[in-house]
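**Q** how would this look folded up:
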Amino acid sequence: MPDIPLAAPSDHAGTGAGPATPFSDPDRLLEESAPLALERSAGLCHREPGGDDGCDWYHGVWQYFRILGVVATPWMQRDFYERELGDLAAGGSHPRVLVSGTSDYAMLALVLHAYALRGARPEVTVADRCGTPLFLNRWYAERHGVRITTRAGDILAAAGGPYDVICTHSFLGNFPPPRRAELISVWRALLRPGGKLVTINRIRPDSSGEVRFSAEQGAAFRERVLRAAVTSPAAIGIDDRTLARWAEAYTARYRSWPMSSAAELRTLLEDGGFVVERLEPGRPGAAAGAAGPSVAGAALRLEVVAGRRP
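**A** Numbering: from 1, shown residues only. Sure thing, here's the model as predicted:
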């Protein structure tokens, strides 16, 4: 692939935190960061050239949905990431970590937490095509005195590295089947030989092709949001009409391309130059609710660790 850098990096320096791991409760900052995400998303969210259909319907409200407990985050599979990333940190040979795509700072916090548990501090780069999650990651890093690098751009055009670890969460579902092999090829190119891919990926055996919320699922998600707002003090200041509008926009626009089986995922990785070291069902992790593309349902989440072949 062409040697196209994502963008000039943006570095943020600080003093460091150490193994006490203040990163283990990222939700405590949501009441502060959610309004920031909402405000900044209007100007920062990615828009296709010549278009006005940005992703603020997603990044602008995602943290409010986290407050309400109606969406899943990587912290719901905390044990897996703590174990796998912690083991890599303890070995001392995997300090350079790329977070490949993220909704906010949750994945960054989990990487920092897992490494801190082993007394290590990774060199983290966060890459996304949208400026809103990159802004939130810089904000989170500055709050904790951590240096990170952010890179804005399409991951499929990424160059650089090499990284020791690529970490992401439920990212493959953002890519239609014809583009998945391209993503795996890019990840392989960004990793050093022997570098690791650590991720959780959703499997939906009953799905094929693009998946969206049905009208029934969308209505159920909207009701979950409104019910949660009644009991969540952190939602104060957001009226029901606005929450309903956010939920309706989210379920109308959200789409994914889930994989249908573990065998399909294994083949994709192995054909793309990886050795699969772990591919096992993880804990459900999310609260029960209406089944839909991005809420808990019958979908299975697979824990994935794969090493790059030379």
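
**Q** residue 227: neighbour count?
**A** Each residue near residue 227 was counted by other C-beta atoms under 10 Å, and the total is 12. Every C-beta, even on glycine, is put in place using the N, C-alpha and C of the backbone.

**Q** next SSE after the helix or strand where it lies?
**A** Per DSSP states H and E, residue 227 falls inside helix 215-231. Following helix 215-231 in sequence order, the next helix or strand is helix 240-253 (DSSP H and E).

**Q** how about the strands in the stretch 101-250 of the chain?
**A** For the stretch 101-250 of the chain, applying DSSP state E, counting those that start in this stretch gives strands covering 123-128, 148-152, 163-169, 191-203, 211-212.

**Q** how much space separates residue 183 from residue 125?
**A** For residue 183, the distance to residue 125 (C-beta to C-beta, to the nearest Å) stands at 17 Å.

**Q** now residue 104
**A** Distance from residue 104 to residue 125, by C-beta to C-beta: 16 Å.

**Q** so how far is stretch 300-310 from its chain's centroid?
**A** 16 Å (C-alpha atoms, centre = their mean, to the nearest Å).

**Q** and residue 10, what's its pLDDT?
**A** In the prediction, the pLDDT value recorded for residue 10 is 42.

**Q** ignore the last one, residue 307
**A** So, for residue 307, pLDDT stands at 98.

**Q** now do the SS call for the residue nearest to it when sequence neighbours are not counted.
**A** Closest residue to residue 307 in three dimensions, ignoring its sequence neighbours and counting by C-beta to C-beta, 6 or more residues apart in numbering: residue 275, at 4.8 Å. For residue 275, the assignment made with DSSP: H, G, I helix; E, B strand; the rest coil gives strand.

**Q** can you tell me how far residue 275 sits from residue 196?
**A** Residue 275 sits 10 Å away from residue 196, going by C-beta to C-beta.

**Q** repeat for residue 134
**A** In terms of C-beta to C-beta, residue 134 sits 23 Å off from residue 196.

**Q** please apply the same query to residue 270.
**A** Taken as C-beta to C-beta, the span from residue 270 to residue 196 is 15 Å.

**Q** of the two, which one has the most company?
**A** Per other C-beta under 10 Å, whichever of residue 270 and residue 196 has more neighbours is residue 196, with 24 against 14.

**Q** show me what contacts the more buried one?
**A** Contacts for residue 196 (C-beta atoms under 8 Å, 6 or more residues apart in numbering) come out as 88, 94, 164-166, 277, 305-308.

**Q** let's see it at 6 Å
**A** Applying C-beta atoms under 6 Å, 6 or more residues apart in numbering to residue 196 gives the contacts 165, 307.

**Q** on the pLDDT front, check it for me.
**A** 98.

**Q** and what of residue 54?
**A** On pLDDT, residue 54 comes in at 87.

**Q** with residue 296 instead?
**A** On pLDDT, residue 296 comes in at 44.

**Q** what ranges do the helices span in this protein?
**A** For the chain, the helices defined by DSSP state H occupy 30-44, 56-59, 62-68, 78-91, 106-117, 131-143, 177-190, 215-231, 240-253, 262-271.

**Q** any idea which of the ones you listed is most buried?
**A** Highest mean neighbour count among the helices of the chain (mean count of other C-beta atoms under 10 Å): helix 106-117, with a mean of 25.

**Q** rewinding a little: quickly list what's touching both of residue 275 and residue 196.
**A** Here residue 275 and residue 196 have residue 307 as joint contacts, going by C-beta under 6 Å, 6+ apart.

**Q** contacting residues around residue 57?
**A** Residues counted as contacts of residue 57 (C-beta under 6 Å, 6+ apart) are 249, 253.

**Q** setting aside sequence neighbours, what's the nearest residue to the most centrally placed residue in the chain?
**A** Taking C-alpha atoms, centre = their mean, the centroid of the chain lies closest to residue 102, which sits 3.4 Å from it. Leaving aside its chain neighbours, residue 102 sits nearest to residue 133 (5.0 Å; criterion: C-beta to C-beta, 6+ apart).

**Q** my read: that neighbour touches residue 100, true?
**A** No - assessed by C-beta atoms under 6 Å, residue 133 is found out of contact with residue 100, at 11.8 Å.
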